[in-house]
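[1] A structural model of the following input is requested.
(one chain, ligands or ions: 2)
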Amino acid sequence: MKAMILEGVVPLDGSSGPLRLVDLPMPKPGPDEVLIRVHACGVCHTEIDEIEGRTPPSLLPVILGHQVIGEVAECGTGVTGISPGSRRGVAWIYSACGSCALCRGGFENLCRNFRATGRDAHGGYAEYMVAPAAFTYKIPDVFSDAGAAPLLCAGSIGYRSLKLSGLKNGSVLGLTGFGASAHLVLRLARFLYPRSPVFVFARSRSEQDFARMLGAEWAGDTDALSPEPCDVVIDTTPAWKPVLFALERLRPGGRLIINAIRKEAADSVLMAGINFEHHLWMEKEIKSVANITRADVREFLEIAVSMPLKPDVQLYTLEEANQALLDIKHSRIRGAKVLQI
Ligand SMILES: [Zn+2]
Ligand SMILES: [Zn+2]
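    Ligands and ions are numbered 1, 2, ... in the order given. Next comes the predicted model:
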């Protein structure tokens, strides 16, 4: 099978990209696994964090990709309830132990033995992949393969951030950063919390215009003053500057949710300027979002069907994966990037 592999941690710069097209033997599913013929795989900013070593793969070379839609080609001997030919998705959670206190308490996303698709096990930048059957999802018919792929990460983790934010219908939501996840969060928030105004803080004018087009009541630069303070801000940027600005824009008792697997170090020195009275006093909170649970994915897919939520998608071929990653890094094309395989 054809696959794009990452052989080592490298800076993602220049114009060629770090992934190499290779021919690999077909993977075989274990007893509790399914073999999936990949139709579409979303490209995520987290892959850049893997490539550049902020969340390095535990497996090298590795096939990246954790927003996978495909058709079951073969089931392991112990798999029940899934048959060859059915459409399934694989998300960031590849497996968790299932027996620790966190797993039993509904926090399998925080399990010590959490394994991530395309980081700790091979993912979907390939013609085929193997996944534990219990960690695959039925994909509702209303979605195309490419339209469903971004729902599995950008959408699902966006949904988890919204859940953790505790937003109530009518309270003010701020979004700082406006990439693939934030644009789905905005649409989700408009649907789940129709009385909540959404303010978007984004650097580029085109992102601000896009946000207004999708229903943001106001959009401005990262450091601009919103028309009123926010009850909740969700940060999806890789930088620190937006964190400080977001804390300033929170109401007393407000909560900042950081939805980023890692922050880049370039401007971390700014955090030395944090001022307790200005940024944290009055019971302001900061909470990170780590990974996702299977329940997040399932709940979110159900909501996405009732909307229905169709992400704006930019298509690439498998061989163009490097280009897709570079386009994300340089925010060249808005919306979600998907490899059609
Ligand atoms: Zn992702
Ligand atoms: Zn566990």
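[2] which other residues reach stretch 199-214?
    With contacts defined as CB atoms under 8 Å, 6 or more residues apart in numbering, stretch 199-214 is touched by 172-178, 182-183, 186-187, 190, 198, 216-224, 226-227, 230, 242, 245-246, 249, 331, 334. For every residue, glycine as well, the C-beta is placed using N, CA and C.
[3] quick one: which of those sit in strands?
    Using DSSP state E to define strands, the subset of the contacts of stretch 199-214 located there is 173-176, 198, 218-220, 230.
[4] quick one: which of those has the most company?
    By neighbour count, taken as other CB atoms under 10 Å, the most surrounded of the ones in strands among the contacts of stretch 199-214 turns out to be residue 175 (30 neighbours).
[5] I'd like to check which residues are in contact with it.
    Taking CB under 8 Å, 6+ apart as the definition of contact, the neighbours of residue 175 are 182, 185-186, 198-201, 211, 216, 233-234, 236.
[6] and the chain, what are its domains?
    The domain map for the chain lists 2-153+292-340, 156-288, with the assignment taken from automatic domain parsing.
[7] of all the ones you listed, which lies closest to ligand 1?
    Taking CB to the ion as the criterion, domain 2-153+292-340 is the member of those that comes nearest to ligand 1, at 3.0 Å.
[8] Between the two ends of the closest one, how far is it?
    Counting by CA to CA, to the nearest Å, you get 13 Å between the two ends of domain 2-153+292-340.
[9] Give me the below-cutoff pLDDT ranges for this protein.
    Within the chain, the stretches falling below the threshold (pLDDT under 70) are 333.
[10] Help me confirm that residue 176 comes into contact with residue 236.
    Yes - the criterion here is CB atoms under 8 Å, and residue 176 meets it with residue 236 at 7.3 Å.
[11] Looking at the ones in strands among the contacts of stretch 199-214, spot the one nearest residue 313.
    Sorting these by distance to residue 313 puts residue 175 at the head of the list, at 19.9 Å, by CB to CB.
[12] Tell me the bridge partners for that closest one.
    Per DSSP bridges, the residues bridged to residue 175 are residue 200, residue 234.
[13] Look up how far residue 101 lies from it.
    33 Å (CB to CB, to the nearest Å).
[14] Just the closest residue of the stretch 201-341 of the chain to ligand 2, please.
    With CB to the ion as the measure, the residue in the stretch 201-341 of the chain that lies nearest ligand 2 is residue 293; the distance is 11.0 Å.
[15] out of the contacts of stretch 199-214, which are buried?
    The neighbour-count test (16 or more other CB atoms under 10 Å) applied to those identifies 172-178, 182-183, 186-187, 190, 198, 216-220, 222, 226, 230, 242, 245-246, 249, 331, 334 as buried.
[16] Give me the longest strand you can find in the protein.
    Ordering each strand of the chain by length in residues (DSSP E) puts strand 33-43 first.
[17] roughly how far is the helix or strand that that one is followed by from the heart of the chain?
    Per DSSP states H and E, strand 33-43 leads on to helix 45-51 as the next helix or strand towards the C-terminus. Computed by CA atoms, centre = their mean, to the nearest Å, the separation of helix 45-51 from the middle of its chain amounts to 11 Å.
[18] So which residues lie in contact with the helix or strand following helix 45-51, not counting its own?
    Downstream of helix 45-51, the first helix or strand assigned by DSSP H and E is strand 68-75. By CB under 8 Å, 6+ apart, the residues outside strand 68-75 that reach it are 29, 34-42, 82-91, 117, 123-124, 128-129, 131, 133, 139, 145-146, 148-149, 152.
[19] In strand 68-75, which of the residues would be classed as buried?
    If you call a residue buried by 16+ other CB under 10 Å, then strand 68-75 has these buried ones: 68-70, 72-75.
[20] and which of the residues you listed is nearest ligand 2?
    Comparing the buried residues of strand 68-75 against ligand 2 with CB to the ion places residue 68 closest, at 22.4 Å.
[21] Skipping its backbone neighbours, what lies nearest the closest one in space?
    On the basis of CB to CB, 6 or more residues apart in numbering, the spatially nearest residue to residue 68 that is not a chain neighbour turns out to be residue 124, at 3.3 Å.
[22] Am I right that the one you found is in contact with residue 66?
    Yes - the pair residue 124 and residue 66 qualifies as a contact (CB under 8 Å) at a distance of 7.1 Å.
[23] between the two, who's got more neighbours?
    residue 124 (33 against 28).
[24] Against residue 130, how distant is that one?
    The spacing between residue 124 and residue 130, counted by CB to CB, is 11 Å.
[25] Between the two ends of stretch 240-253, how far is it?
    21 Å.
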